[in-house]
Structures are given as structure tokens and as C-alpha cells.
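Asker: Please find the sequence and the predicted model below.
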Amino acid sequence: MSTFAASSMPPAFPERAAWGTASSLRAWQEQALAAYFAPAHESGPRDFLAVATPGAGKTTFALRLAKELIERKVVQAITVVCPTEHLKRQWAESAARVGLKIDPEYQNGQGRLGKEFQGLAATYATIAARPALHRNRTEMQKTLVILDEVHHAGDGLSWGDAIREAFEPATRRVGLSGTPFRTDINPIPFVQYEEGPDGIRRSRADYTYGYGPALADGVVRPVIFLAYAGEMRWRTRAGDELTAALGEPLTQDQTAQAWRAALDPKGDWIGQVIAAADRRLTEVRRGMPDAGGLVIATDHEAARAYAKMIRAVCGEGATIVLSDDPTASKKIKQFGESEDRWMVAVRMVSEGVDIPRLAVGVYATSTSTPLFFAQAVGRFVRSRRRGETASVFLPSVPTLMGHAAEMETERDHVLDRPRREGDGLDDDLLKEANRRQDSPDVGEEVPFETVEASATFDRVLYDGGEFGTHAVPGSAEEEEYLGIPGLLEPEEVTKLLRRRQAEQLAAQRKKKTGDPALDRRTDTTAAEDLHALRDQLNGLVGAWSHRTGKPHGVIHNELRNACGGPRVPQAGAEEIISRIAKIREWAAKRR
């Protein structure tokens, strides 16, 4: 629970004039500074944690605070610690704009910092390599330490110990985060924890500015999530062929394997989704001429394959950013300043990188943690003017659908909480699905081979609701959603989605099956949402599975054989109602 939230506006305060031009600060940044210099601690607290949604401007807040502390002579030097090499340079460029000189090229072996600099920017890995060196630097001058994306200090016990050792003597420490903290047993250094009634310790932020308030203020863009299901078929190491459909209830292992097949460049799924995303980008560019797209890939091989797909789709090459490329930072900067359509990256731009023109994304990675998902989506939400929207294409995987639905939920770093079965898809399963074993005797051995992977438009998630009926790629039904104008106010987007949903359901209800009883049943459910029907069917399948011991997939296949029609992701309302009736009939006969 935050001690100071963006929704509580503080009274006017005398320090405001010292921060320069007030109009250069957003309202939340002024509020956060007011919270820092509250009467309870006139010169500011030693430790301060600010949590603000990606794209809100945490860097600006921290640098304005740094400048103020230097001018008040509270500190003499600044150390910025961030996750990546690229972010070091980004911090230095931002600091220069407010009159602070920070060295982003400092190395542990060089000793003293150049006299022309007021501080340095280093990665968490650099600090962890020689914590005693940085402790000595911190002790020599009154230092403000800015820990950007501070959850990285909890990535491992050794990293946490190193950060604590290096910066324990610091005069001031400011932690920044824009994403949910991990659930863990390792406390993050310099973060305060409070024990709740349930005995679980949670982090306490001194100031919080969530996605919801930022959206209301026009600081960030609303996000339209476009989910794609589809049928996957792959061959196991033993030579068996397995089939599963994203969008249907699957075991965690089946989900991991089907997800892998969907992202495999050898199948059609990812190519169809990239083509849909490019059509969406074309529409967005009608209102945002420089809008760019980003595909977040799992590995280097996939990234290069996706770039080839992009060239085939739109006739333009894509900027490829790989983690081992020494020119990665230069490529990111050049792309940000250009009007090129697409960038493909492997994790490199998942956190902190500022490319405001990014408006369309394809989540083509097998990483499923809430932290990474929030970081990735955060690349698309920075708003430049009202009416801009962000569009992110996702596999229709329950874990990702849950993350998308919870975009506006505030989360604290939690200690002591045991991991529960069913909390979500374990990333270890995804790693196993993607793992390749090398042997000097037999060469590369692949866990499975993708045989077929095809995409189906599943649904749109927006503003807490689900919209759309299933459609094949390239269909008029899919285009209804890909063609949503790129410049609309959030409430206009909601109205448009609801209208299109109603029109499609009305058209679907007009399709009679020839079975009078089924037609009457369909007519009486005119107000029911298609997704509610799917949830009802899946619940009944789960109960029947518990009763009979049959896997969910087997039951769905039996229902298809009995009632006809496609798999659940492609089935219409009347087909799902027919299956609901059939499984209830089975249950009645078993009584």
C-alpha cells in the first residue's frame, strides 16, 4: 500500500519555484516531488521508492529531484544504476537536457571519474562485479543513488548483497520502478516492507502513479490487445504427432508446446499474425504518420526469420536488434528517430527504452512473467498527444490474457508468499519447450518439430472487456478490428468495439441451423456474450473431465464429433450452445 498516491493532490508548497519551469513537469511529477519534500522530512528522506507506470516519465522526476538536491547542497554526486548498457546512455542524454553531466561510459577499471562529470551511470552487473570500488566512491562524496527498475537488485542474493554493500553509505537513495515486482523471498535493498494481517510482507512505495490515473491524465495511451488463437500440430522426439488449439483449455505442458509451435517461423501462425499487425500499423499511420511497430522475439534465430516475414509482407526491411550486437544502442536510437515501420528485438527493448513512436507490437516471445509482460507493453504506451492508441498482438494463452486483463492492477513486491499450483504458466515449461540439447555425438536434438500452425483471430481485450467473434485472417470480420482508427479518445474506442461486437453477434444469430429447437434456443440467448458461452462450455468440460477422468481435449473432440462444427476458437454461438446441450445430456444419462 502506498503512503502517497497520485489521486491525492497535495496543497501548494514553497519549494515548487526552485524546480525551474513548473510547466515542464507533469502533475504527478510535481506531486511526487512534494511528497519527497514533505514537512515531515524537510530535506527529503534517505530512501524513497517511486512506482510509476511505464511511459509516465520516471526519469524526468528523478533527474529533477537530483538537480534540486545538488542545488540545496544535500548531495554532491549522482550514481545511476540501470539494467542495460543502452539505458546508461539514455540516462546521460536525459541528464544533459536538465544541465547534469553523467558519464555513461565509466568502467570499473578506470578509477576516478572525470572532473567534468557530476556522476556516472552503470549497470547492476557492473556494480555487482566490484561493490567495494563503488562503496569507496560513495563514501568520498555525499552521493544520491538512483536505482532504476530497482527490482533488478532482487534478481539474486549476490546482486542484492552487492548493491547493499556499494550504496549503504549513500546520503540519498531513490528507487524507481514502472512494473510489478516479482514474488520472491529476497528483499530488495533499501525498499521498506510492511507486514499485513495475513503475515505476508509487502513493499511500501512512497509514491505510486498507476496506469489507470496515467490513462485518465492522458499521460499514457490506452492499449488494445488483439489475441490470436489457432490450431497447432507438432511431432515429438519419439515421432508422435500431437495437436492442440490455443484458445481451448489445455494443460500447462500442452500450452507450452502449442505456444512454441505458434511462434515457430516454420509454421504459418506467426506469419499470419505479423501480416495482421502490419495491416493494423498501416491504419494507425493514417493518424500517426511516423508510428512504428516492434516484434519482441524469443531468440536470435527467430528474430531474423521474423524480419524476413516483415519484408515479405510490407516490402520494407526491419531493424534487427540482438543482445550480442555492439551496435544495438545505435540501432535503437536510429530507429527511434526515423520513420521506419518495424523493429525486431530479442529482449533488448523490453524495459526502459524510450521510443515514443512505437504504437503496434507483436508479443512473439515465450516469456510469461507479469514483470516482463508489463515491461514489454510499456514500450507502446508513451503518449505524445491525446487520441493515440497502442495495439499489442498476443497469442491466446491464458497467462497472457490474464496479464492483459490486469494491466491496471497495482502490485507490490511480496515476500514470504508460497507459490501455489495454478498461479500461472511456469516459465520453466516454456524454457523446456524451447530447449535444444547439443551432443558431440548426435549433434542438435530438437524436442519437437512443428508440423502445422495456423492462426485465428480470437478476440480484443480493452478497458476490462472482451470483444469480437472468431474469424480467419484476412476476413472482413478480422478487418473490422484491425481497421479501428488509430486516433480515438479511450471512450470512443470502447463505444466502437461494443458496436462492432453487437453487429457481428446479430449477424451470427441470423444464421439458422435448420434445427427449430436449436434456433429457438439461440434466439433466446441473443443478449449473451460469445465468450460467456465459451466459459460456460469450458466449465462443463472441466466438470465432466473430473467425473470421467478424460482429458479436456478428448472431451472437446467427442463434442465436435457428436455435434459437428469447428474447434471452440472458431465455433459460433449456436455451435457452442449445441455442445453445452450435448454435454448436459451426457451428464443426465450418467445420473
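Answerer: Thanks, I have the structure now. Numbering: from 1, shown residues only.
Asker: and residue 291, how far is that from residue 221?
Answerer: 11 Å (CB to CB, to the nearest Å). To be clear about C-beta, it is placed using only N, CA and C from the backbone, and glycine gets the same treatment.
Asker: Tell me the residues that contact both of these two, please.
Answerer: residue 359 (CB atoms under 8 Å, 6 or more residues apart in numbering).
Asker: Where does pLDDT dip in the stretch 51-200 of the chain?
Answerer: Across the stretch 51-200 of the chain, the ranges flagged by pLDDT under 70 are 155-157, 179-185.
Asker: Let me see the ranges of the helices in it.
Answerer: 58-71, 85-97, 124-129, 131-140, 157-167 (DSSP state H, counting those that start in this stretch).
Asker: what's the last one packed up against?
Answerer: Looking back up the chat, that one is helix 157-167. Here helix 157-167 touches helix 124-129, helix 131-140, strand 143-147, going by 3 or more CB pairs under 8 Å, 6 or more residues apart in numbering; DSSP states H and E.
Asker: who are the neighbours in contact with the residue nearest the centre of the chain?
Answerer: Closest to where the C-alpha atoms of the chain average out (CA atoms, centre = their mean) is residue 373, at 2.5 Å. By CB under 8 Å, 6+ apart, the residues touching residue 373 are 363, 367, 400, 403.
Asker: Make a markdown table from the helices of the stretch 51-200 of the chain and add mean neighbour count and distance to residue 584 to it.
Answerer: Converted to a markdown table, those look like this (neighbours: other CB atoms under 10 Å; distance: least, CB to CB, whole Å):
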| stretch | mean neighbour count | distance to residue 584 |
| --- | --- | --- |
| helix 58-71 | 21 | 53 |
| helix 85-97 | 20 | 56 |
| helix 124-129 | 19 | 56 |
| helix 131-140 | 17 | 64 |
| helix 157-167 | 19 | 53 |
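Asker: Minimum distance to residue 276: which of those helices has it?
Answerer: Nearest to residue 276 among the helices of the stretch 51-200 of the chain is helix 85-97 (29.3 Å), distances taken as CB to CB.
Asker: which residues make contact with that closest one from outside it?
Answerer: By CB under 8 Å, 6+ apart, helix 85-97 touches 59-60, 63, 66, 78, 80, 82, 101-105, 119, 121-123, 148, 328-329, 332, 348, 351-354.
Asker: picking up where we left off before, please indicate which of the contacts of residue 373 are buried?
Answerer: Buried members of these, scored by 16 or more other CB atoms under 10 Å, are 363, 367, 400, 403.
Asker: ok so the first one is a strand residue?
Answerer: Looking back up the chat, that one is residue 363. Yes - Residue 363: assigned to a strand according to DSSP: H, G, I helix; E, B strand; the rest coil.
Asker: partners of it in the sheet?
Answerer: residue 296 (DSSP bridges).
Asker: ok, residue 130 - how many residues close by?
Answerer: Other residues near residue 130 come to 14 when the count uses other CB atoms under 10 Å.
Asker: Can you read off the backbone torsions of it?
Answerer: phi -140, psi 70 (degrees, to the nearest 10).
Asker: That one touches residue 108, doesn't it?
Answerer: Yes - using CB atoms under 8 Å, residue 130 is in contact with residue 108, at 4.6 Å.
Asker: Please produce JSON lines containing the helices and strands packed on helix 157-167, extended by distance to residue 311.
Answerer: Compiled in JSON lines, the helices and strands packed on helix 157-167 are given as follows (distance: least, CB to CB, whole Å):
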{"stretch": "helix 124-129", "distance to residue 311": "35"}
{"stretch": "helix 131-140", "distance to residue 311": "45"}
{"stretch": "strand 143-147", "distance to residue 311": "40"}
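Asker: The ones you listed: which one's closest to residue 474?
Answerer: Proximity to residue 474 (CB to CB) singles out helix 124-129 among these, at 45.1 Å.
Asker: Can you tell me what sits against the closest one?
Answerer: 81-83, 107-108, 134, 152-153, 155, 158-159, 162-163, 166.
Asker: With distance to residue 506 added, can I get those residues in JSON lines?
Answerer: Converted to JSON lines, these look like this (distance: CB to CB, whole Å):
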{"residue": "81", "distance to residue 506": "56"}
{"residue": "82", "distance to residue 506": "52"}
{"residue": "83", "distance to residue 506": "49"}
{"residue": "107", "distance to residue 506": "65"}
{"residue": "108", "distance to residue 506": "66"}
{"residue": "134", "distance to residue 506": "65"}
{"residue": "152", "distance to residue 506": "50"}
{"residue": "153", "distance to residue 506": "54"}
{"residue": "155", "distance to residue 506": "51"}
{"residue": "158", "distance to residue 506": "60"}
{"residue": "159", "distance to residue 506": "56"}
{"residue": "162", "distance to residue 506": "61"}
{"residue": "163", "distance to residue 506": "58"}
{"residue": "166", "distance to residue 506": "63"}
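Asker: hmm, which two among the residues you listed are most spread apart?
Answerer: Top of the distance list for the contacts of helix 124-129 (CB to CB): 107 and 155, 21.7 Å.
Asker: between these two, who's got more neighbours?
Answerer: residue 155 (17 against 10).
Asker: Excluding sequence neighbours, find me the nearest residue to residue 483.
Answerer: Distance criterion CB to CB, 6 or more residues apart in numbering; nearest residue to residue 483, sequence neighbours excluded, is residue 283 at 5.4 Å.
Asker: Check the secondary structure at that neighbour for me.
Answerer: Quick answer, by three-state DSSP: residue 283 is helix.
Asker: Verify the stated contact: it with residue 480.
Answerer: No - in this structure residue 283 lies outside contact range of residue 480 using CB under 8 Å: 11.5 Å.
Asker: Looking at these two, which one has more neighbours?
Answerer: residue 480 (22 against 18).
Asker: And that one, how close does it get to residue 234?
Answerer: Applying CB to CB to residue 480 and residue 234 gives a distance of 32 Å.
Asker: Could you do residue 326 as well?
Answerer: 36 Å.
Asker: The two - which one has more neighbours?
Answerer: More crowded of residue 326 and residue 234, by other CB under 10 Å: residue 234, with 24 against 7.
Asker: Let me know the secondary structure of the more buried one.
Answerer: Secondary structure, three-state DSSP: residue 234 is strand.
Asker: still on that earlier bit, and the residue nearest to residue 483, what does it touch?
Answerer: Residue 283 sits next to 482-486 when contact means CB under 8 Å, 6+ apart.
Asker: re the thing from before, of the helices and strands packed on helix 157-167, which approaches residue 113 most closely?
Answerer: Using CB to CB, the helices and strands packed on helix 157-167 put helix 131-140 closest to residue 113, at 7.5 Å.
Asker: could you say what helices and strands the closest one packs with?
Answerer: Based on contacts counted as 3+ CB pairs under 8 Å, 6+ apart, the elements that helix 131-140 packs against are strand 77-82, helix 157-167.
Asker: Rebuild the helices of the stretch 51-200 of the chain as a markdown table, extending it with distance to residue 340.
Answerer: Formatted as a markdown table, the helices of the stretch 51-200 of the chain follow (distance: least, CB to CB, whole Å):
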| stretch | distance to residue 340 |
| --- | --- |
| helix 58-71 | 24 |
| helix 85-97 | 18 |
| helix 124-129 | 30 |
| helix 131-140 | 38 |
| helix 157-167 | 36 |
